[in-house]
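> I'll drop the sequence and a predicted model, then ask my questions.
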Amino acid sequence: MNDTDANDDIVPESHGLYRLHIKPNTQMAIENKPVFGANITLHSSLLKHDHFVATPNNILGWLDHFGLSHFSIKAETNRLEDDDNSVLLPSQFLNAEGGILRVSAPTRIYLISKTPIAINKNGLCLFTPVK
């Protein structure tokens, strides 16, 4: 490679980086099948890797009849900027058809917590849709 072929144009992905939170007082379980009495059951295989790409055919977990209302999503932005005016709905990124939790489109996921206490405190993951 020579310097005439160098490219210094770094272009950010078209989608931003988002944090997935589970709302307080949500009963959560981690198992390989739905748990009766839990609002959210996260599939145990979801927590095996630190980062991965989930596709719409992957089962991430199961939800009770309140579905995606147990989640909130916040944009991960520069903390100096205050752009909390935009509302992000879980349905923009997640699907809960038939009570099965899936992503709506291929999504790169970076887990930030792997235990229920840590998930409630910090959120479950950072994520960004991919093309």
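Everything's here; your move.

> Give me the secondary structure label for residue 113.
Assigned by DSSP: H, G, I helix; E, B strand; the rest coil, the conformation of residue 113 is coil.

> Find me whatever residue is spatially closest to it, sequence neighbours aside.
Counting by C-beta to C-beta, 6 or more residues apart in numbering, residue 119 is the residue found nearest to residue 113 once chain neighbours are left out, at 4.3 Å. All C-beta spots, glycine's among them, are computed from the backbone N, C-alpha and C.

> what comes into contact with the strand or helix carrying that neighbour?
According to DSSP states H and E, residue 119 maps onto helix 116-122. Contact partners of helix 116-122, identified using C-beta atoms under 8 Å, 6 or more residues apart in numbering, comprise 22, 24, 28, 30, 112-113.

> and if we set it to 6 Å?
Contact with helix 116-122 is made by 22, 28, 112-113, as judged by C-beta atoms under 6 Å, 6 or more residues apart in numbering.

> Specify which member of those is nearest to residue 126.
Using C-beta to C-beta, the shortest approach to residue 126 within those belongs to residue 112, at 6.1 Å.

> returning to that earlier point: wait, which of the contacts of helix 116-122 is closest to residue 104?
Once C-beta to C-beta is applied, the member of the contacts of helix 116-122 that ends up nearest residue 104 is residue 22, at 18.1 Å.

> Could you list everything that closest one pairs with in the sheet?
Beta-bridge partners for residue 22, by DSSP bridges, are residue 71.

> and stretch 54-71, how far apart are its ends?
For stretch 54-71, the separation between the terminal residues is 18 Å (C-alpha to C-alpha, to the nearest Å).

> Over to stretch 21-33?
End-to-end distance of stretch 21-33 (C-alpha to C-alpha): 21 Å.

> got a list of contacts for it?
Outside of stretch 21-33, the residues within contact range by C-beta under 6 Å, 6+ apart are 35, 38-42, 44, 70, 72, 116, 119, 123.
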